[in-house]
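K.L.:
Give me coordinates for this.
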Amino acid sequence: MKPLHQFLIFGLILLGTTMHHEGVAQIMGSGGWGTNESPAIEFEQKEFDFGEVPQGDTIRQKYIFRNAGTGELTIKHVKTGCECTTANWEAGPYKMGASGVIEVVFSTKDKSGPQKKEIIIETNTDKRIDIIRLTGSVRLPEGASTGE
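P.N.:
Below you'll find the model as predicted:
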């Protein structure tokens, strides 16, 4: 190939590559990929120990969080591990710095001994999943048998 043809081909490749990168930069700068507009969830407390309670009590705990990121935070889903534990929350969106609450309710009916409940929070953050915990112990009424 003649040097002039090689030079022209190289120039066209370089021009095409530059145009491609400028297009990507325009997309990235307009709230698309790679922007710093990313939500982040931050809890005041991720674990709560309710101590020891009698069987039949209902435990209510509020987990306060805030959006520590720069993009809007959305709570997509909150999953509890069993029917004895429920969660109430608002999906959002939560703007930068805004706070919200996930209320967890645990029924100790038919429970005894040490308890550890994990609540899985699915969000639109880079991390995607966060876990909050509720722990404690449930004591049987006096004279009750554990069945063992």
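K.L.:
Skipping adjacent residues, who's closest to G56 in space?
P.N.:
Closest residue in space to G56, ignoring its immediate chain neighbours: K109 at 5.7 Å, by CB to CB, 6 or more residues apart in numbering. Just so you know, the C-beta spots here come from the backbone N, C-alpha and C atoms, and that holds for glycine as well.
K.L.:
The one you found: neighbouring residues, count only.
P.N.:
Neighbour count of K109, defined by other CB atoms under 10 Å: 11.
K.L.:
who are the neighbours in contact with it?
P.N.:
Q55, G56, C84 (CB atoms under 8 Å, 6 or more residues apart in numbering).
K.L.:
Show the buried residues in those.
P.N.:
C84 (16 or more other CB atoms under 10 Å).
K.L.:
quick one on the thing from earlier: for the residue nearest to G56, give me the pLDDT.
P.N.:
K109 is assigned a pLDDT of 96 by the prediction.
K.L.:
was I right about F65 contacting E44?
P.N.:
Yes. Counting by CB atoms under 8 Å, F65 touches E44, with 7.2 Å between them.
K.L.:
out of those two, which sits in the busier spot?
P.N.:
Shown here are F65 and E44; by other CB under 10 Å, F65 has more neighbours (24 against 10).
K.L.:
so where do the strands sit in the protein?
P.N.:
Ranges of strands in the chain, per DSSP state E, are 41-43, 47-54, 58-67, 75-79, 85-88, 99-107, 113-123, 129-139.
K.L.:
domains of the chain?
P.N.:
Annotated domains of the chain cover 1-35, 41-139 [automatic domain parsing].
K.L.:
Could you single out the most deeply buried of these?
P.N.:
domain 41-139 (a mean of 16; mean count of other CB atoms under 10 Å).
K.L.:
Excluding residues flanking it in the chain, which one is nearest I64?
P.N.:
Distances taken as CB to CB, 6+ apart put E44 closest to I64, at 4.6 Å, once the chain neighbours are dropped.
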